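1. turn this into a model:
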Amino acid sequence: MPEQLLEHDWAREYAKKPGVHVVTSLRALLEVVEDLIADLNADPDSLPDAPALASMIHAVSD
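-> Take a look at the predicted model:
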């Protein structure tokens, strides 16, 4: 969830739930997604339609 939503009471409560990630940027979001995929032990063949997240992170940082 975007950090900006934490100005709302409901968002602060929701952010405490397991599995919820608060991010401050697109780069942070992509890093969270990449970590979650890595935790699944997924390889490129198991997600054939997903773009390479590492290249997306690189593009955001440029």
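
2. every contact and neighbour count from this point should use C-alpha atoms.
-> Will do.

3. if I look at Ile57, what pLDDT would I see?
-> Note for Ile57: predicted pLDDT of 57.

4. need the longest helix for this protein.
-> The longest helix of the chain (DSSP state H) is helix 26-39.

5. any stretches of this structure with poor pLDDT?
-> By pLDDT under 70, the weakly predicted segments of the chain are 41-62.

6. next, the buried residues of the longest helix of the chain.
-> Within helix 26-39, the residues that count as buried by 16 or more other C-alpha atoms under 10 Å are Arg27, Leu29, Leu30, Glu31.

7. ok, and the closest non-adjacent residue to the second one?
-> In this structure, Leu29 finds its nearest non-sequential neighbour in Val23, 5.8 Å apart by C-alpha to C-alpha, 6 or more residues apart in numbering.

8. how much space between Arg12 and Asp35?
-> Look at Arg12 and Asp35: by C-alpha to C-alpha, to the nearest Å, they are 23 Å apart.

9. related to what we said a few turns ago, JSON lines please, covering the buried residues of helix 26-39 and showing distance to Pro2.
-> Below are the buried residues of helix 26-39 laid out as JSON lines (distance: C-alpha to C-alpha, whole Å):
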{"residue": "Arg27", "distance to Pro2": "12"}
{"residue": "Leu29", "distance to Pro2": "9"}
{"residue": "Leu30", "distance to Pro2": "12"}
{"residue": "Glu31", "distance to Pro2": "14"}
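
10. need the helices for this structure, in chain order.
-> Under DSSP H, the chain gives helices at 9-15, 26-39, 53-61.
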